[in-house]
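[1] what follows is a predicted structure for the sequence shown.
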Amino acid sequence: RAAADGYRRHSAWRRDAAQAQLRAALAGGGELTVLLNHLDLVADDPQGLTAAELARDRRASSPGALLFDTRKTVEQQQLGARFVQPVGAWQELALVAYAGRRQTFQGLSVPVAAQASPASGGGVIDLDRDYRGLDARWQARPGDGELTLTAGSAFELADETRLGFENFADGRLGVVGALRRDEDNTVRSHDIYAQADWTFAPEWSLNAGLRRSVVRFESVDRYLRPGNPDDSGALRYSRTSPVLGLLWRAREGLSVYANAGAGFETPTFAELAYRTDGASGLNTALRPARSRHAELGLRWRGDAAKFDAALFHARTEDELVVVANQGGRSTFANAGLTRRRGAELSFEAPLADDWTLSGSATWLDARHRRDFGLCAAPPCADGALLIVAGKQLPAVAARSAWAELRWRADERTDVMLEARATSRFFADDRNTAAAPGHAVFDLAAERRFRAGGMQWRAWARVANVLDRAVVGSVIVNEANRRYFEPAPRRQWLLGLTATPL
C-alpha cells in the first residue's frame, strides 16, 4: 500500500497493489507460469494550472477541480498464464492466455451549461470493462540452429459498459446526477504473424517478419433522447506490417545493426469516446496511424563496460493526437503527417574499484510536417485553428539525459547520486506555451540482507536534492490554457521490500 496527501491541494491519492506468481516445471521440459495482479487506486485530480496560476502558487489546484471534486478511482484484477512445451529436439510451442476486469470512475469539471446540451455525455464517467486474450506461438530451430522460424496467432477481446452522468444534482456540484450516456462497446483484434531469424554467415544475421492485424469496434447505444439519436455503429481497421533487420558482428563484443519496418496503431475506445463536432456517439472520423521507421545502431560490450548508440527516423501518417483537452476530457483527431528523427546513446563504465558511472542521452526532432486544423474546444469547425507545418510536437523534449554515479560500499550496500535533465517542451501544437527545461538531482542509498527466509531491500532517497521548482508534465492543448502540472520539490522517501528466497 502507498498513500500521500499530495504535493498540491486536492491531489491526495492511495494505491493498493498485490501480485502473486507461480512457476512449475512440467514433464518433457515444459514450464507453466501463472501471474495474478490486483490494483486499487483512488486519486483526487488537481488539474493543470495556467502560467499565471503556476507563478502565483504552484501548490494550487484549478478552481474547477474544487468545485466539481474532480477525482478518479480504478480497480483492476488480472490473471495470466504462460505455457511452454518443447516438441522434439528442435520445436517449441508456447501459449499465453489472460483475462481481467477494470472498473473506472472519474469526475470531470465540465461546466453545467455544457452538460445541459442534449448531446453531452455529462461530467462523470463510469466504465466497466472485461477483457481477455490468447496468443499461440510455434517456434522451430531446424538443422544446426542457424535458422529460427516463428509463427503465431493472437486474439484479444474487450467488452465494456460506458455510462455517463451529470456531475451535479439538487443544486450541488461534484455529485453524481442524472444519466446522460449508456452504451455497450466491444473491440476485437486478430493478428497472425511470422518471423525468421537467419545467421547466414558467422558474422551476419538477418531477421524478417510480417504481421497482419484486423481490429473491429462495435457500439450499441442505449441512451436515446430528443437531440441525442441512436449512435450505434461499427468500425473496422486492418493492415499488414513488415519488418526487416540486419546485424553485423564486426568483432567480439562489437555489433552494428540496421532495422526498417512499418507500424499500425488503431484508435482505442478512449480515443473514440468524444467527437470533435460536439455531437453524441463515437468519433468515427478517426483513422488509424500508419508509420514507417528506420534505425541504425551500434552495440559494444567490453569486460566491464558497455556502450549503445542509435540513429532513428520515423514518419507517421494520420498520427492520433489530442486536439482538445477540457475539464479532464480529451478529444482526438488525426494530425496528417509527423516526423521524428534523432539519436540515442547509453553507457556504463567503471571509474575505479567499487565506483560505476552510467548514463543515457536522447536528441529528438519531432515535428508536424503537414498543416492541419486544431480544435480549441468542441464543437469545432474544420480548421478552426491552423497548425503550420514545422511546429514541434507537444510534450516532447528535444534533449534529455540521465546519469548515475554508484558507489558499492560493500557487497550489500550501494550509494547513488542520480541526475536527470531535459530541455523545454511545448504544451500545445501551436507552440505558444512551454514548460521550461530543468535538471534535478537525487541522492539514494540501498541495503540488501536476508532474514526470516526472505530477501530484504531497504532504501532511502532524497529526491530533488536542490529543491528545484520544475514542471513535471503538461496537459496537451488544454482548452483553458491550464497546461502545467508542477512536480514536487524536495522529497524524503523510505522503502522496504521483501521477496521469498
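    Alright, I've got the coordinates.
[2] now stretch 440-451: buried residues?
    Within stretch 440-451, the residues that qualify as buried are 440-442, 444, 446, counting by 16 or more other C-beta atoms under 10 Å. Every C-beta, even on glycine, is put in place using the N, C-alpha and C of the backbone.
[3] may I ask which two of those residues are separated the most?
    Val440 and Glu446 (19.4 Å; C-beta to C-beta).
[4] ok, Tyr210 - contacts?
    You called it Tyr, but residue 210 is Leu. For Leu210, the contacting residues are 193-195, 240-243, by C-beta atoms under 8 Å, 6 or more residues apart in numbering.
[5] using TSV, please lay out those together with distance to Trp492.
    Conversion of the contacts of Leu210 to TSV gives the following (distance: C-beta to C-beta, whole Å):
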residue	distance to Trp492
Tyr193	48
Ala194	52
Gln195	48
Thr240	53
Ser241	47
Pro242	51
Val243	46
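[6] count of neighbours near Asn477?
    By the criterion of other C-beta atoms under 10 Å, Asn477 has 26 neighbours.
[7] equivalent analysis for Gly122, please.
    Neighbours of Gly122 using other C-beta under 10 Å come to 24.
[8] which ones are touching it?
    For Gly122, the residues meeting the contact criterion (C-beta under 8 Å, 6+ apart) are 110, 115, 164-167, 177-181.
[9] of all those, which comes closest to Ala458?
    Asn167 (43.7 Å).
[10] coming back round to it: for the contacts of Leu210, give me JSON lines that also has neighbour count and secondary structure.
    Shown next, in JSON lines, are the contacts of Leu210 (neighbours: other C-beta atoms under 10 Å; DSSP: H, G, I helix; E, B strand; the rest coil):
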{"residue": "Tyr193", "neighbour count": "18", "secondary structure": "strand"}
{"residue": "Ala194", "neighbour count": "14", "secondary structure": "strand"}
{"residue": "Gln195", "neighbour count": "17", "secondary structure": "strand"}
{"residue": "Thr240", "neighbour count": "12", "secondary structure": "strand"}
{"residue": "Ser241", "neighbour count": "18", "secondary structure": "strand"}
{"residue": "Pro242", "neighbour count": "11", "secondary structure": "strand"}
{"residue": "Val243", "neighbour count": "17", "secondary structure": "strand"}
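[11] in a strand, Glu205, correct?
    In this structure residue 205 is Ser, not Glu. Yes. Counting by DSSP: H, G, I helix; E, B strand; the rest coil, Ser205 is part of a strand.
[12] do you know how far it is from Asp57?
    From Ser205 over to Asp57 the distance is 57 Å, taken as C-beta to C-beta, to the nearest Å.
[13] now His313
    43 Å.
[14] swap in Met416?
    Per C-beta to C-beta, Met416 is found 33 Å from Asp57.
[15] in terms of neighbours, single out the busier of those two.
    A count of neighbours by other C-beta under 10 Å puts Met416 above the other of Met416 and Asp57, at 18 against 12.
[16] wait, doesn't the more buried one sit right on Phe441?
    No. Here Met416 lies out of contact with Phe441, judged by C-beta atoms under 8 Å, at a distance of 10.7 Å.
[17] so who does the residue nearest the centre of the chain touch?
    The centre of the chain sits closest to Thr268, judged by C-alpha atoms, centre = their mean, with a distance of 12.7 Å. Thr268 makes contact with Val187, according to C-beta under 8 Å, 6+ apart.
[18] what does Glu53 give?
    60, 62, 482 are the contacts of Glu53 under C-beta under 8 Å, 6+ apart.
[19] checking it next. Helix, strand or coil?
    helix.
[20] again with Ala89
    Local secondary structure at Ala89 is given as coil here, using three-state DSSP.
[21] and it, how many residues sit next to it?
    7.
[22] list phi and psi for it.
    When read as degrees, to the nearest 10, the backbone of Ala89 gives phi -90, psi -20.
[23] pLDDT score assigned to it?
    We note a pLDDT of 85 for Ala89 in this prediction.
[24] same check on Gly328?
    Looking at Gly328, its pLDDT reads 68.
[25] and the buried residues of stretch 440-451, which is closest to Leu466?
    Nearest to Leu466 among the buried residues of stretch 440-451 is Phe441, at 5.9 Å by C-beta to C-beta.
[26] pretty sure that closest one sits in a strand.
    Yes. Assignment of Phe441 by three-state DSSP places it within a strand.
[27] show me where this structure has its helices.
    Assignment of helices within the chain using DSSP state H yields the ranges 51-56, 63-68, 112-115, 269-272.
[28] mind checking these for the one nearest to Asp410?
    That would be helix 51-56 among the helices of the chain, by C-beta to C-beta, at 44.5 Å.
[29] quick one: the closest one to chain centroid distance?
    Helix 51-56 sits 28 Å away from the centroid of its parent chain (C-alpha atoms, centre = their mean, to the nearest Å).
[30] how about stretch 31-41?
    Relative to the chain's own centre, stretch 31-41 is displaced by 20 Å; criterion: C-alpha atoms, centre = their mean.
[31] and that stretch, average pLDDT?
    Model confidence over stretch 31-41, given as mean pLDDT, is 97.
[32] hmm, who's touching that stretch?
    In contact with stretch 31-41 (C-beta under 8 Å, 6+ apart) are residues 13-26, 72-84, 100.
[33] tabulate the contacts of Leu210 (TSV), appending pLDDT and distance to Gly297.
    As requested, these are exported to TSV (pLDDT from 0 to 100; distance: C-beta to C-beta, whole Å):
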residue	pLDDT	distance to Gly297
Tyr193	98	23
Ala194	98	24
Gln195	98	19
Thr240	97	26
Ser241	97	21
Pro242	98	19
Val243	97	15
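[34] coming back round to it: quick check, nearest of the contacts of Glu53 to Gln91?
    Among these, Arg482 lies closest to Gln91 (C-beta to C-beta), at 57.2 Å.
[35] and the pLDDT for Ala389?
    The predicted local confidence for Ala389 is 91.
[36] I'd say it and Thr338 touch.
    No. Using C-beta under 8 Å, Ala389 makes no contact with Thr338, being 9.9 Å away.
[37] what's the overlap in contacts for these two?
    Listed as contacting both Ala389 and Thr338 by C-beta under 8 Å, 6+ apart are 367-369.
[38] got a winner among these for most neighbours?
    When neighbours are taken as other C-beta under 10 Å, the top entry among those is His368 (22 neighbours).
[39] which ones are touching Ser11?
    Counting by C-beta under 8 Å, 6+ apart, the residues that Ser11 touches are 5, 43-46, 61.
[40] ok so, going back, and the contacts of Glu53, which is closest to Asp353?
    Relative to Asp353, the closest of these is Ala60; by C-beta to C-beta it sits at 49.5 Å.
[41] who's in contact with the closest one?
    8-9, 46, 49, 53.
[42] what do you get for Asn464?
    440-442, 470, 487-491.
[43] for the stretch 51-200 of the chain, what spans make up the strands?
    Using DSSP state E, counting those that start in this stretch, the strands of the stretch 51-200 of the chain run over 71-87, 91-107, 124-140, 147-165, 168-169, 172-173, 179-201.
[44] since that was my last question, I'll sign off now.
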